[in-house]
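J.: Curious how this folds, go ahead:
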Amino acid sequence: MAENLAKMLTMIMVMTVLAIMVMEAQPVDSAFAIPFDPCTLSECIARCKKILGPKFMSASCVQNGSKGSLCICLG
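T.: Here you go, the predicted structure:
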């Protein structure tokens, strides 16, 4: 039983490493947050594209506890 678990965990680890290698993580030049409440993804993307221009890579909304929402921009 323990051997099967070890083999399964090893296989999961190998598959994870291969997936990461295939997807090739891209370096980010800048990352910043904009206070934005309520944060909608479409508006967040629009603001990030306006600020970053062609360097825009992605945007997402996150909750900042009781302080509201943040728009996270990567570029």
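J.: Tell me where the chain has helices.
T.: In the chain, the helices defined using DSSP state H lie at 2-23, 41-52.
J.: Burial-wise, tell me which of those helices comes out on top.
T.: Comparing the helices of the chain on average neighbours per residue, with mean count of other CB atoms under 10 Å, the densest one is helix 41-52 at a mean of 15. C-beta here means a position set from N, CA and C on the backbone, and glycine is covered the same way.
J.: Quick one: mean pLDDT for that one?
T.: Model confidence over helix 41-52 averages 93 on the pLDDT scale.
J.: what does that helix rub up against?
T.: Residues from elsewhere that reach helix 41-52 (CB atoms under 8 Å, 6 or more residues apart in numbering): 30, 34, 36, 56, 58-61, 71-75.
J.: Keep only those of those residues that are in strands.
T.: Using DSSP state E, Ile34, Ser58, Ala59, Ser60, Cys61, Cys71, Ile72, Cys73, Leu74 are the members of those that sit in strands.
J.: Kindly give a single ChimeraX line that selects the buried subset of those.
T.: Applying 16 or more other CB atoms under 10 Å to the ones in strands among the contacts of helix 41-52, the buried members can be selected in ChimeraX as follows:
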select :59,61,71,72,73,74
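J.: coming back round to it: okay, among the contacts of helix 41-52, which ones form the most distant pair?
T.: Of all pairs drawn from these, the one with the longest distance (CB to CB) is Ser30 and Cys61, at 18.0 Å.
J.: if we can go back for a sec, looking at the helices of the chain, which is nearest to Ser66?
T.: Across the helices of the chain, the minimum distance to Ser66, taken as CB to CB, is reached by helix 41-52, at 19.9 Å.
J.: Can I get that closest one in CSV? Just the C-alpha atoms.
T.: Taking C-alpha atoms only, helix 41-52 is exported to CSV below (Å, rounded to 0.1, in the frame of the first residue of the first chain):
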residue,chain,number,x,y,z
LEU,A,41,-12.8,41.8,-14.6
SER,A,42,-13.6,43.6,-17.8
GLU,A,43,-13.1,47.1,-16.2
CYS,A,44,-9.9,45.8,-14.5
ILE,A,45,-8.5,44.6,-17.9
ALA,A,46,-9.4,47.9,-19.6
ARG,A,47,-7.6,49.9,-16.9
CYS,A,48,-4.5,47.7,-17.0
LYS,A,49,-4.4,47.9,-20.8
LYS,A,50,-4.7,51.7,-20.7
ILE,A,51,-1.8,51.9,-18.2
LEU,A,52,0.5,49.2,-19.6
